[in-house]
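In: Give me a 3D structure for the following:
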Amino acid sequence: MESFSSKSVALQAEKKLLSKMAGRSVAHLFIDETSSEVLDELYRVSKEYTHSRPQAQRVIKDLIKVAVKVAVLHRNGSFGPSELALATRFRQKLRQGAMTALSFGEVDFTFEAAVLAGLLIECRDVLLELVEHHLTPKSHGRIRHVFDHFSDPGLLTALYGPDFTQHLGKICDGLRKLLDEGKL
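Out: Have a look, this model is predicted:
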């Protein structure tokens, strides 16, 4: 018996098409204005920290591709009950990370790179487990690339240092708004 599913083919085509178009225009279809502003600030931080425009663009493009693919999978009901539990755990960890980042940004002398890096690594591991059977190894690599980049203690230390105060303020404002609106 031939195993063919038009829904599966449509989902694969949608993911493939969206991965080819991961830019600002597609991001706005799936990502709200506040999230877009946070991503723009993360791009600026990455660009200044790495001194590499292409590297900063690649990490944000990978982040957008992963976010869109996970959103498509979720929207199409591709996750089973145990995976939905993982999705809930991922969302809780991401929310905890955002609240921790905010706290570190608002309360002087509380920043600990290891704590924030640890939360981001936990997020990465839960997300990888969630999409293990749904996305390709290339997408798994994108997830690792994004989370490994932003969990780099050097990057985090620079972000919370004096040279990145303006960027940190904008990121914290965006995170606070996303948390208040229940989007994170």
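In: any low-confidence regions in the chain?
Out: Residues of the chain meeting the criterion pLDDT under 70: 1-30.
In: And the helices in it?
Out: Secondary structure of the chain, counting by DSSP state H: helices at 6-20, 24-30, 33-50, 53-75, 81-106, 113-131, 137-150, 153-159, 165-180.
In: Output the ones you listed as CSV; include the columns mean neighbour count.
Out: Yep, even glycine has a C-beta here, placed from its N, CA and C like the rest. Listed next are these as CSV, based on neighbours: other C-beta atoms under 10 Å:
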stretch, mean neighbour count
helix 6-20, 13
helix 24-30, 14
helix 33-50, 18
helix 53-75, 18
helix 81-106, 16
helix 113-131, 19
helix 137-150, 17
helix 153-159, 17
helix 165-180, 17
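In: Spatially central, which residue of this protein would that be?
Out: The centroid of the chain falls nearest to residue 63 when counting by C-alpha atoms, centre = their mean (5.1 Å).
In: who's in contact with that residue?
Out: 39, 42, 146 (C-beta atoms under 8 Å, 6 or more residues apart in numbering).
In: how about 10 Å then?
Out: 22, 27, 31, 39, 42-43, 46, 142-143, 145-147, 149-150 (C-beta atoms under 10 Å, 6 or more residues apart in numbering).
In: Redo these as a markdown table? Include distance to residue 157.
Out: Listed next are the contacts of residue 63 as a markdown table, based on distance: C-beta to C-beta, whole Å:
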| residue | distance to residue 157 |
| --- | --- |
| 22 | 29 |
| 27 | 28 |
| 31 | 27 |
| 39 | 21 |
| 42 | 16 |
| 43 | 19 |
| 46 | 14 |
| 142 | 25 |
| 143 | 23 |
| 145 | 20 |
| 146 | 19 |
| 147 | 17 |
| 149 | 14 |
| 150 | 13 |
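In: Could you single out the nearest of those to residue 121?
Out: Closest approach between the contacts of residue 63 and residue 121, by C-beta to C-beta: residue 147, at 6.7 Å.
In: rewinding a little: from the contacts of residue 63, which single one is nearest residue 156?
Out: Once C-beta to C-beta is applied, the member of these that ends up nearest residue 156 is residue 150, at 7.8 Å.
In: ok, and the closest non-adjacent residue to the closest one?
Out: residue 120 (5.8 Å; C-beta to C-beta, 6 or more residues apart in numbering).
In: I'm done for today, thanks for sticking with me.
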